[in-house]
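1. Can you look at this prediction? I've put the sequence above it.
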Number of protein chains: 2
Amino acid sequence: MEGRNHTDSKYFNRALILRLILNQGPVSRLILARQTGLSPAALTVLTGGLLEEGLLTEVMDEGREFEVARVGRRSVPLDLNTQAGLVLGIHITPRIVRLGLVNLKGEIISQERLGPPDQNPAKAIEQIIGSAQTLIAKENRSIIGVGVGAVGLVEHEQGVNLRALSLHWQNVPIRAELETAFNLPVQVDNNVRGMVLAELLFGHGRTHNFKNIGMVYIGTGVGGGIVIDGELYWGSGAAAGEVGHMIIDPNGPACYCGAQGCVEQFAGEAALLKLAQTRLPEPVPTIESLIEVADSGEPIAAEIVREGGRAIGIAIANVLRVLNPNTVIIAGRMSKSNCFMEAVQSEARRSNISPASDLTVLTSSLGDNIGLVGAAALALRQFLFTAKPNQLKVSGL
Amino acid sequence: MEGRNHTDSKYFNRALILRLILNQGPVSRLILARQTGLSPAALTVLTGGLLEEGLLTEVMDEGREFEVARVGRRSVPLDLNTQAGLVLGIHITPRIVRLGLVNLKGEIISQERLGPPDQNPAKAIEQIIGSAQTLIAKENRSIIGVGVGAVGLVEHEQGVNLRALSLHWQNVPIRAELETAFNLPVQVDNNVRGMVLAELLFGHGRTHNFKNIGMVYIGTGVGGGIVIDGELYWGSGAAAGEVGHMIIDPNGPACYCGAQGCVEQFAGEAALLKLAQTRLPEPVPTIESLIEVADSGEPIAAEIVREGGRAIGIAIANVLRVLNPNTVIIAGRMSKSNCFMEAVQSEARRSNISPASDLTVLTSSLGDNIGLVGAAALALRQFLFTAKPNQLKVSGL
DNA sequence: AAGTTTAGTTTTTGCAAAAAAGTATTAGCG
DNA sequence: CGCTAATACTTTTTTGCAAAAACTAAACTT
């Protein structure tokens, strides 16, 4: 069942237009027509539908600095309608759960933090649902969907967290439970996959129009996510993008995944803190303090951080060999360390197998919010780019 | 310029039908309609066009064993028309150049072997063109396109061999030269990319309907190619799939690419022969003899081959982490060694990051012909799956 | 005020797939 | 032997969407 017909084209063009509007802020129909190669008439029809659905608004700005044309009828810039409805984003990590309401442009409207999730998954989800409901009630706006980014191995089609060792979770049907609770469409995926989607739609991908992005997130462990040709990549299983378990030294330390010498064993926060405990005379209690000491020039701490950076650099070099993205984005607290990022950069560029100039290594543009915006992005993607028209009128609660 | 219209849908459906027919041998219109989700009427129209173009034939077989229905009007199975025209495939490696004429089903009709290509690229290409013209003249059939698979870094859109260290070539505009010589559409790409395409269309991909395939070719060096979602993957540069330069040991031997510990330094034929020379009491002159000695149980040779296999296994494990294909295919002479393949398999499956059952490691189904069929496949892909209708009537020479 | 430029809409046309209705060919059955 | 049912198409009509062309709207120029 994969033949294409008119309707498929229409949905495709609809998604294309929404994405162009998202990327470029307010744009006129004629500009969109030129960019898509569609006729102006087609744009009248397509944007007409989107306006009726409530996804777009006509911006009648008085300033109009963005306009180029100096004569002729004034263009009517179109923009995503931030009044349209909000998405609930839920980011689940071992240390914190964050909930937030996010608009169509990926802007956080309100948010809430919870402590570590309960080891009993049913209980944890119940607590999350409770907090989400108060958050929604407080804001009192229409909610159109829910996105969840969770650590661990997540099967995104069913929305099941197959295994999250750090949470002691296994086969948790997150999507099913939340769909029952909220009666809204729910998207569940790995948290880093959400993050790379957020960077694609609302971060570096938006500002630089990157289409192939690799993402590495350094938390307690190391996770990854991949965007190929402007779309999330899942591969054949749930493990695509698991950069943290790339083997970079066959004689390295054993990893809980069964292999030896995984990146995570060299560059995860847990590994770095352990090194700091054994090598430094005065122990540093947190990652933030390790970074501070290292970046201030203390040689032993700096070397620890650099070792981690080099491990990530090798992982990136290997991703380059396989996928050849033009952009790699690093997120997590380690990405704030100059020392670390310099080591990443220089190691990633050591080989000339492809010109080093082809690679851009960046830190996340969304900062601490990337997990939350990423979770929301999973839902927004469904809405803006794959859903059939007219689903927006569904209202939550 | 990326909006879609009717014509795009039509071309897409056309390519889809061709691919289904290629995969399943003779098939009736109704079966195709069910598989694509298109209406029977649409299939009458689309296959009508393909019949008129000469790409398909109606098979009126008397045997008809394949038929399921027992009553009703008999189906009219459609198949690719092997009489339609041939493609010229050219496989260029440091040791040998192979030319062949290949039909729409990927079957070699006639072929020719040449010695190592001249180090002067212009001269080498001139010789290749000469041999090709005699081959074509001998067969005396219509030629519809040319496909070239060449070692090294190849930019496929322009058809330029950017760098082939083993040939001492740099920036060789293969496509331009051949298009002038033959006045036919020419496709040029890395040879291993051609191979994985051949496996997709005519090998394991065809028989098992695999859509995500990683390929590793072990020659003097180690090359790779990737198919994602039923299509070749190129990434942002020309280096996607360069598994041979994946770093698996940061303290390993230096590689000419600038990095240390590349797979190629552990598993390429050159590396293995060098090891054999230093470690074995009696030197083995060729890879074939090394394999024979190793597989016959000689412990030192077996360990050498196994070390190479483990390096490839780690590379595959790392590709699994990044791309999660369900299939990895190994080609080249080393793939004939049990010893080697066992080491590959066990090393690739050591981690439980994704279930080992999800991974299939196979040896190439096209054997020694994979390079030649791969080169031809590059041209056939263009013809069958991306070209606009009616180009087939172009006739060569 | 007339002309020009740019933006967007309306109307008509063209194209491709879906739907519906019809034709062709076969087996089974009385 | 003719009837019915089943299967595999083909033909005709309808529907849906984008392209083309013609038109309206709103600005500036002279």
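-> Looks like it arrived, so ask away.

2. drop to CA atoms for contacts and neighbour counts, all remaining ones
-> Will do.

3. quick one: contacts for whichever residue of the stretch 251-397 of chain A sits closest to DNA strand C?
-> For the stretch 251-397 of chain A and DNA strand C, the shortest gap (C-alpha to the nearest atom of the strand) falls at residue A:388, measuring 16.6 Å. The contact partners of residue A:388, taken as C-alpha atoms under 8 Å, 6 or more residues apart in numbering or on different chains, are residue A:11.

4. hang on, it in a helix?
-> No: applying DSSP: H, G, I helix; E, B strand; the rest coil, one finds residue A:388 to be coil, outside a helix.

5. What separation do you get for it and DNA strand D?
-> Shown here: residue A:388 relative to DNA strand D, a distance of 10 Å by C-alpha to the nearest atom of the strand, to the nearest Å.

6. helix or strand for the spatially most central residue of chain A, which one?
-> Nearest residue to the geometric centre of chain A (C-alpha atoms, centre = their mean): residue A:195, 1.6 Å. Using DSSP states H and E, residue A:195 falls within helix A:191-202.

7. Show me what that helix is packed against.
-> Contact analysis of helix A:191-202 by 3 or more C-alpha pairs under 8 Å, 6 or more residues apart in numbering or on different chains; DSSP states H and E lists helix A:6-24, strand A:143-150, helix A:204-208, strand A:213-218, strand A:222-228, strand A:231-232, helix A:370-381 as its packing neighbours.

8. I'd like to know which of these is closest to residue A:240.
-> Closest to residue A:240 of the helices and strands packed on helix A:191-202 is strand A:222-228 (C-alpha to C-alpha; 7.4 Å).

9. Dump that closest one to CSV, restricted to CA.
-> Taking Å, rounded to 0.1, in the frame of the first residue of the first chain, the C-alpha atoms of strand A:222-228 are listed here in CSV:
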residue,chain,number,x,y,z
VAL,A,222,25.7,9.2,26.2
GLY,A,223,22.7,9.1,23.7
GLY,A,224,22.3,10.1,20.1
GLY,A,225,19.8,10.9,17.4
ILE,A,226,19.9,11.3,13.7
VAL,A,227,18.1,13.4,11.1
ILE,A,228,18.5,12.3,7.5
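
10. Output the below-cut-off pLDDT ranges for the stretch 251-397 of chain A.
-> Along the stretch 251-397 of chain A, segments meeting pLDDT under 70 span A:352, A:354-357, A:387, A:389-397.

11. one step back: save the helices and strands packed on helix A:191-202 as TSV, and put in distance to residue B:25 and mean neighbour count too.
-> Below are those laid out as TSV (distance: least, C-alpha to C-alpha, whole Å; neighbours: other C-alpha atoms under 10 Å in any protein chain shown):
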stretch	distance to residue B:25	mean neighbour count
helix A:6-24	28	18
strand A:143-150	44	27
helix A:204-208	43	17
strand A:213-218	39	27
strand A:222-228	32	26
strand A:231-232	33	18
helix A:370-381	39	31
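
12. Would you mind putting those into TSV with distance to DNA strand C alongside?
-> Converted to TSV, these look like this (distance: least, C-alpha to the nearest atom of the strand, whole Å):
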stretch	distance to DNA strand C
helix A:6-24	6
strand A:143-150	27
helix A:204-208	22
strand A:213-218	32
strand A:222-228	27
strand A:231-232	25
helix A:370-381	26
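
13. Next, format these as JSON lines and append distance to residue A:344.
-> Output for the helices and strands packed on helix A:191-202, formatted as JSON lines (distance: least, C-alpha to C-alpha, whole Å):
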{"stretch": "helix A:6-24", "distance to residue A:344": "29"}
{"stretch": "strand A:143-150", "distance to residue A:344": "26"}
{"stretch": "helix A:204-208", "distance to residue A:344": "19"}
{"stretch": "strand A:213-218", "distance to residue A:344": "11"}
{"stretch": "strand A:222-228", "distance to residue A:344": "14"}
{"stretch": "strand A:231-232", "distance to residue A:344": "24"}
{"stretch": "helix A:370-381", "distance to residue A:344": "20"}
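
14. May I see those organised as a markdown table, with distance to chain B added?
-> Compiled in a markdown table, the helices and strands packed on helix A:191-202 are given as follows (distance: least, C-alpha to the nearest C-alpha, whole Å):
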| stretch | distance to chain B |
| --- | --- |
| helix A:6-24 | 6 |
| strand A:143-150 | 16 |
| helix A:204-208 | 14 |
| strand A:213-218 | 10 |
| strand A:222-228 | 8 |
| strand A:231-232 | 12 |
| helix A:370-381 | 19 |
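
15. what sits up against the helix holding residue A:195?
-> Counting by C-alpha under 8 Å, 6+ apart, A:22-23, A:91-92, A:105-106, A:148-151, A:205-206, A:210-211, A:213-217, A:223-227, A:230-232, A:364-366, A:370-371, A:373-378 sit against helix A:191-202.

16. now it against strand A:143-150, angle please.
-> If you take axes from the mean of the first three to the mean of the last three C-alpha atoms, to 10 degrees, helix A:191-202 sits at 130 degrees to strand A:143-150.

17. which residues touch residue A:280?
-> A:300, A:301.

18. shouldn't residue A:118 be in contact with residue A:97?
-> No: when contacts are counted by C-alpha atoms under 8 Å, residue A:118 is not listed as touching residue A:97 (10.4 Å).

19. The two - which one has more neighbours?
-> Taking neighbours as other C-alpha atoms under 10 Å in any protein chain shown, residue A:118 and residue A:97 compare with residue A:97 leading, 20 against 17.

20. gap between the residue lying closest to the more buried one once chain neighbours are set aside and residue A:92?
-> Once flanking residues are discounted, residue A:97 sits nearest to residue A:114: 5.0 Å by C-alpha to C-alpha, 6 or more residues apart in numbering or on different chains. Look at residue A:114 and residue A:92: by C-alpha to C-alpha, to the nearest Å, they are 10 Å apart.

21. and the closest residue to residue A:139 other than its chain neighbours, which of the three is it?
-> Nearest residue to residue A:139, sequence neighbours excluded (C-alpha to C-alpha, 6+ apart): residue A:110, at 7.7 Å. When classified by three-state DSSP, residue A:110 comes out as strand.

22. Residue A:110 reaches residue A:89, doesn't it?
-> No: Residue A:110 lies out of contact with residue A:89 (C-alpha under 8 Å); the separation is 10.5 Å.

23. what do these two both touch?
-> In contact with both residue A:110 and residue A:89: A:100, A:101, A:102, using C-alpha under 8 Å, 6+ apart.

24. Which strand residues bridge residue A:147?
-> When bridges are called by DSSP bridges, residue A:147 pairs up with residue A:89, residue A:187.

25. show me the contacts for it.
-> Residue A:147 neighbours (C-alpha under 8 Å, 6+ apart): A:87-90, A:186-188, A:375-380.

26. mind redoing it with 6 Å?
-> Residues in contact with residue A:147 (C-alpha atoms under 6 Å, 6 or more residues apart in numbering or on different chains) are A:89, A:186, A:187, A:188, A:375, A:376, A:378, A:379.

27. From chain B, how far off is residue A:261?
-> Distance, residue A:261 to chain B, using C-alpha to the nearest C-alpha, to the nearest Å: 9 Å.

28. Tell me who's in contact with that residue.
-> Counting by C-alpha under 6 Å, 6+ apart, residue A:261 touches A:247, A:248, A:249, A:250, A:252, A:253.
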